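**Q** need a structure here:
(2 chains)
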2 protein chains.
Amino acid sequence: MDKKVYIFDSTLRDGSQAQGISFSVVDKIKITKKLDELGVDYIEAGNPNSNPKDREFFNEIKDYKFKHAKICAFGSTRRPGLKVNEDKNLNDLVNSGAHTVCIFGKAWDFHVVDIIKTSLEENLNMIKESIEYLVGLKKEVIFDAEHFFDGYKHNREYALKVLYTAKKAGANWIVLCDTNGGTLPNEIQEISKYLVKELGFDNLGIHCHNDCGMAVANSVVGVQSGIRHVQGTFTGFGERCGNANLSTIIANLQLKLDYKALPDEKLEYLTPTYNYICEVSNVIPDEREAYVGNCAFAHKGGMHIDAVKKNPISFEHISPYKVGNERKILMSEVAGRGTILSAIKRLNPSLDKNSEETKSIMKRLKELEYAGYQFEGAEGSFELLVRKELGKFKPSFELIEYKVIIDKPSTTDHSATAMVKIKVNGVLEITAADGKGPVNALDNALRKALEVFYKDLSNVYLRDYKVRVISGNKATSAKVRVLIESTDGVSTWTTVGVSYDIIEASWLALVDSVEYKLIRSNKEDN
Amino acid sequence: MDKKVYIFDSTLRDGSQAQGISFSVVDKIKITKKLDELGVDYIEAGNPNSNPKDREFFNEIKDYKFKHAKICAFGSTRRPGLKVNEDKNLNDLVNSGAHTVCIFGKAWDFHVVDIIKTSLEENLNMIKESIEYLVGLKKEVIFDAEHFFDGYKHNREYALKVLYTAKKAGANWIVLCDTNGGTLPNEIQEISKYLVKELGFDNLGIHCHNDCGMAVANSVVGVQSGIRHVQGTFTGFGERCGNANLSTIIANLQLKLDYKALPDEKLEYLTPTYNYICEVSNVIPDEREAYVGNCAFAHKGGMHIDAVKKNPISFEHISPYKVGNERKILMSEVAGRGTILSAIKRLNPSLDKNSEETKSIMKRLKELEYAGYQFEGAEGSFELLVRKELGKFKPSFELIEYKVIIDKPSTTDHSATAMVKIKVNGVLEITAADGKGPVNALDNALRKALEVFYKDLSNVYLRDYKVRVISGNKATSAKVRVLIESTDGVSTWTTVGVSYDIIEASWLALVDSVEYKLIRSNKEDN
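**A** A predicted model of the protein is given here:
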């Protein structure tokens, strides 16, 4: 049996219909190139008829040399009553320059009659003539049978007529859409098997939505039933609850079921590609995402951690490295002392779980967690906490005072000015800097003051800055947690600060970032 | 056939093993009461042996009168080589006061031999004796056959021995666990059917994890194969990729498959319960969550919106109101002019899509989206934008100047002081206020100044304040988007501001909040 499954990514089209998603042309080109590198088969990039941004995209991508993927323009069948060559939507598809086009037509009689308000016969004509027109112009045509599963359940005969019409007209792929996402795996299985095995359809695709939390399962069950083309979005973004998540589907098909979706050597790019697309889409990656999420191989329960240390397969269904992810051991009260102890032992090998120092660290950890800290993602601050409790921390500087002034209207580009007064080994340094906002100004001023004493800090910069309101109900006086990711170009570390005041929280995380860097570059002092 | 499915929620136990989750005793009690009100059958509340917080919880909940749910304590079978009555873990379960206890034992030979390092025989004894001991003490015993599916695939004979041992020892429920989350629906179906139909097990449960994105599908397929007890967490939180999401499973079972999981009248509490548990857990609700997510019934594509207006079933697989959710129509470039036009028409019914005003609003909207604004969740700012473009906006005040000073060390509880100078109808008002952090100080000062002129503002307060870093790569000088939710006790509105400076972004959202409120309470002025 042929085990190749064709992967059709609609991040740039169906994905852009998700709440909060808005792609620029540059974003779209970045994502297109990344998906092409990964080795997906089709990239549906937009509807050249619907907005100028999509038209601009097709124009810009025209001369790009794809490694593997085919770029695909999306539109609908001709409108009721028009001739195909007079239909602007179809002609925009033809003129987009894309060799592959995907058009949707209705497969549910209710939609034909009640929504687009035409006859069942005319809908079949629209499908037939639109496909024939595009095939005649040498396009590869993918036909999305919209609402197919709902149509099949309500009027099976008509839904099948739609498929036969598309087949006869020459569509290269006929895609069964669960447009409203309401279909369950057992229904998908039964219907798909019938179409493939009884009716002999050999060029079917599937397009699922996640309204029942079943989009991945439905797609995989479809493939197991003989479907060989899967539409979805790489991250699962899409209208409402999203589209079928291709990163999960690809991993399931290839690692669990021995289908061929991507070249084998590309699987380890699944996690970086997921993070990249989230980043470009300006969406926070889902930590719990299957296979590619930051927590997908994170262990927190004490017994789990102990077992994974003995043998990872005890609590990992696959090796995280196969999909470019990695194992993480989390600090927390649930983790038990074992995990925290191994962090402590790195600093003082003579301590054990019954040592006074270990107990005092556990106590301090719980107090800080209670106050809103989370050390799970802030290993820099966690090490400093342990060092402080062990008496293995000497501050690199003493803050005497800071003052930040924010003015509006502002006399310069920079709305905030910060003055910082610090002492290092008894030597006073006063300096000031401005910045875009108070945190930026304070960061600039602190670094400027410290660089006088510590040259190592000159190559450090902040890579990411996250603000999390911990308790939203007190609005602007709610507590905030600030996470700062810093880098010196070689390594990266994260620190955390919590306060009712965003400036104070940022300050605490900034100070930890600096202290952690100085400890690392100058271990003998500590 | 009996259609009752027993729902077993492990938010407080397995859910607490998720990254970022840390429940206080008060949190646990809140969630317990909420789940009891909803009508779940079992609430697994923690391991009284593992940490003092869980012991405290069982102590505090002892006298609570449950409406429906049974509270359940979690632990393991006795340890190898111990007697049951000498095993501290088992005795902590007995002494927790919970009538129902859930204990796990290994069903995968590899775990027995390589991880807990005992003999296969002793593992069966541990299971047998632990269950018999608890049953003898009149406990209802739920036995979690940990790693059952992996065990079955590797050593079927031994995995079945574990089930028979638990059955013979008198376990009330025997739960098949996909502990590592690596099993796919077709395997679950085949194995569950075999156990129920061929081997006659009639008291099986299922416990799935989401490592393949299949936890919901696996649970539902399990029920369709004859399993009648489903373990999961209400929001899907849990170790790694999370547990089976009970909110989705309940809705699927009851609305799609006619099983009975909750009393019918409780289904409309699914969405509020989801939001409540997220809130107490301090986790941002997943907007795309099936059934209960904020976007689950949000429509953005232009054609979808038009169709839903004609008939909601066109793009909604169920009515959102059945699960306590609601329909949302989103503003955006993809939405097309139709949606934006209906917002415009509310302000000026004479305009149509070809009007110059409509075009200028569309243009402005795109400019602002490009600058990082999102109006999808900020209807207050969106209305102001439309009013401004239509010339239907008169500012309620003019900002002359503000200045915020942040001091550390601070001489008071409040680290920031803000001075605000505004003019209303030519009258100058200067005032100042302090606050916890600069945004809080500025908010306080602005309100203090405005209340002199507008008494209506005195009952307005901010309910939520969200900060989102839009482009993380420039760290503290990255752009931020601030969303503010305000309320006057009757209605609620959201406004947005974007800037490189968090103070400026907050200011913009604050000003919109005030202006929107004043328009609402004083329509004739506008």
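**Q** got a list of what residue A:199 touches?
**A** The contact partners of residue A:199, by CB atoms under 8 Å, 6 or more residues apart in numbering or on different chains, come to residue A:160. The way it works is simple: take the backbone N, C-alpha and C, and place the C-beta from them, glycine included.
**Q** thought residue A:445 was touching residue A:418?
**A** Yes. If you go by CB atoms under 8 Å, residue A:445 and residue A:418 touch, sitting 4.1 Å apart.
**Q** list residues touching both of these two?
**A** Between them, residue A:445 and residue A:418 share the contacting residues A:402, A:432-433, judged by CB under 8 Å, 6+ apart.
**Q** which of those residues fall in strands?
**A** Among the shared contacts of residue A:445 and residue A:418, the ones falling in strands (DSSP state E) are A:402, A:432-433.
**Q** chain B: which of the residues you listed is nearest?
**A** Distances from chain B to those, taken as CB to the nearest CB, are shortest for residue A:402 (5.0 Å).
**Q** give me the neighbour count for the residue of the stretch 201-350 of chain A found nearest chain B.
**A** In the stretch 201-350 of chain A, the residue that lies nearest chain B is residue A:317 (2.7 Å; CB to the nearest CB). Residues near residue A:317, counting by other CB atoms under 10 Å in any protein chain shown, number 23.
**Q** ok, now residue A:157?
**A** 8.
**Q** could you do residue A:179 as well?
**A** When neighbours are counted by other CB under 10 Å, residue A:179 registers 28.
**Q** need the nearest residue in space to it, chain neighbours excluded.
**A** Leaving aside its chain neighbours, residue A:179 sits nearest to residue A:147 (4.7 Å; criterion: CB to CB, 6 or more residues apart in numbering or on different chains).
**Q** does that neighbour touch residue A:108 like I think?
**A** Yes. Using CB under 8 Å, residue A:147 is in contact with residue A:108, at 3.8 Å.
**Q** dig out what the nearest residue to residue A:167 once chain neighbours are set aside forms beta bridges with.
**A** Leaving aside its sequence neighbours, residue A:167 sits nearest to residue A:174 (CB to CB, 6+ apart; 6.2 Å). Beta-bridge partners of residue A:174, counted by DSSP bridges, are residue A:143, residue A:204.
**Q** ok, now which ones touch residue A:174?
**A** Residue A:174 neighbours (CB under 8 Å, 6+ apart): A:143, A:145, A:163, A:166-167, A:201, A:203-205.
**Q** helices of the stretch 1-150 of chain A, residue ranges please.
**A** Remark: helices assigned in the stretch 1-150 of chain A by DSSP state H, counting those that start in this stretch are A:25-38, A:52-61, A:88-95, A:109-110, A:120-136, A:148-154.
**Q** could you list every helix and strand in contact with the fifth one?
**A** By that I understand helix A:120-136. helix A:88-95, strand A:100-106, strand A:140-146, helix A:156-169 (3 or more CB pairs under 8 Å, 6 or more residues apart in numbering or on different chains; DSSP states H and E).
**Q** isn't residue A:307 up against residue A:315?
**A** Yes. Contact criterion CB under 8 Å: residue A:307 and residue A:315 qualify, at 5.8 Å.
**Q** next, the nearest residue to residue A:371 once chain neighbours are set aside: phi, psi?
**A** In space, and not counting its chain neighbours, residue A:371 is closest to residue A:498: 6.1 Å by CB to CB, 6+ apart. Phi and psi for residue A:498, reported as degrees, to the nearest 10, are phi -130, psi 140.
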